[in-house]
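> sequence first, then the predicted structure, then my questions.
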Amino acid sequence: MVMKINGTSALSSNVNRTRDNNGHINGNGHAFKIWEDTDIIGDDHIATNIETPMRADAFLLDDERKVEIIEQHFNKIMNVLGLDLTDDSLKGTPRRVAKMFVNEIFYGLNPENKPSMSVFDNKFKYGQMLVEKNINLNSTCEHHFLPIFGKAHVAYVSSGTVIGLSKINRIVDYFSRRPQVQERLTVQISEELKKVLKTEDVAIIIEAKHMCVSSRGIQDESSTTVTAEYSGIFKNEKTKDEFLTYVGMKL
Ligand SMILES: [Zn+2]
């Protein structure tokens, strides 16, 4: 399991580190001292909680009103940047972005949008692991609001309950469509699958590229981030190895 979900210890280990003037943390001593803990959390992509941090009043406004308000704010951002919003090409952008936020890339914030899950009895008595690999994943980094994209590989061993294969894709998509941290996304999908499938025997690996790493900051084009969560029988090395072999990640 690759996890950094412990804000306190991660923070304290970073306190003496420095960062360069692009905000990158480094240890060479030639950079500015770090300013704020929130900066460290952001640039180190540390998740602080398994639940997506939401306010209690998150859904008092309906989607239509949210689009209106975000449109107004995004209009202001573009104005501050000096863009001419009377230009034909730009004038529709604030509304387009607002609708995209609410209806597409962040639809997974709203529990009402959670995919409904019909489960079936495992009539075939298939008792081996089922692997669905290369599930397309599109998410957004919550620290920079830039895309995270990659693949998820999921496996489970049925305890008597099965779900349609496309439902696994829908669960991956639902939790991806939020401002996310990859570690949290991995755990959220795993927890949901365990709940729906009524078993602990679930494994998930996510391999993804982060635009905030490739297009800004350190500008590393080639790296990918891998996170994994193994539960139940998948903690057993032999079972884990079998899964890794199926998804082509066995070293
Ligand atoms: Zn980021």
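Right, received. Where do you want to start?

> and for His210, the neighbour number?
23 (other Cβ atoms under 10 Å). Any C-beta I mention is one placed from the backbone N, CA and C, and that applies to glycine too.

> and it, what does it touch?
When contacts are counted by Cβ atoms under 8 Å, 6 or more residues apart in numbering, His210 touches 45, 141, 146-148, 182, 225.

> and the stretch 151-251 of the chain, which residues reach the ion?
Cys212 (Cβ under 5 Å from the ion).

> for the ion, what is the nearest residue in the stretch 151-251 of the chain?
Here the residue of the stretch 151-251 of the chain nearest the ion is Cys212; by Cβ to the ion that distance is 3.1 Å.

> keeping just the C-alphas, turn the helix or strand containing that residue into CSV.
Assigned by DSSP states H and E, Cys212 belongs to helix 211-214. Taking Å, rounded to 0.1, in the frame of the first residue of the first chain, the C-alpha atoms of helix 211-214 are listed here in CSV:
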residue,chain,number,x,y,z
MET,A,211,-0.4,17.6,-15.2
CYS,A,212,0.8,19.7,-12.2
VAL,A,213,4.0,17.6,-12.2
SER,A,214,4.5,17.5,-16.0
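
> packing partners of it?
strand 147-157 (3 or more Cβ pairs under 8 Å, 6 or more residues apart in numbering; DSSP states H and E).

> neighbouring strands for the strand it packs on, and are they parallel or not?
strand 129-141 (antiparallel), strand 202-210 (antiparallel) (DSSP bridges).

> tell me where the model's unsure across the chain.
Scanning the chain for pLDDT under 70 picks out the ranges 1-48.

> the residue of it most remote from its centre: what secondary structure?
For the chain, the residue at maximal distance from the C-alpha centroid (Cα atoms, centre = their mean) is Thr86, at 35.5 Å. Assigned by DSSP: H, G, I helix; E, B strand; the rest coil, the conformation of Thr86 is coil.

> phi and psi next, for it.
Note on Thr86: its backbone torsions stand at phi -90, psi -10 [degrees, to the nearest 10].

> is it true that Gln182 touches Ile206?
Yes. Between Gln182 and Ile206 there is a contact under Cβ atoms under 8 Å: 6.1 Å.

> got any residues that touch both of those two?
225, 227.

> how many neighbours does Glu51 have?
That count, for Glu51 with other Cβ under 10 Å as the rule, works out to 10.

> tell me the contacts of Asn110?
59, 63 are the contacts of Asn110 under Cβ under 8 Å, 6+ apart.

> scratch that, Asn122 is what I was asking about
Here Asn122 is in contact with 158, 160-162 (criterion: Cβ under 8 Å, 6+ apart).

> what's the farthest-apart pair in the residues you listed?
Gly160 and Val162 (8.4 Å; Cβ to Cβ).

> between these two, who's got more neighbours?
Val162 (18 against 13).

> so that one makes contact with Lys125?
No. Val162 is beyond contact range of Lys125, at 10.7 Å (criterion: Cβ under 8 Å).

> return every residue with contacts to both of Gly160 and Val162.
121-122.

> pick out whichever of Gln182 and Ile206 has more residues nearby.
Legend: neighbour count by other Cβ under 10 Å for Gln182 and Ile206, higher for Ile206 (27 against 24).

> any idea what the more buried one is bridged to?
Ala152, Thr227.

> how far away is it from Ile218?
From Ile206 across to Ile218, the span is 20 Å (Cβ to Cβ, to the nearest Å).

> for Asp57, same thing?
Counting by Cβ to Cβ - Asp57 and Ile218 are separated by 37 Å.

> cool, Thr86 as well?
38 Å.

> Val97 now?
From Val97 to Ile218 the distance is 27 Å (Cβ to Cβ).
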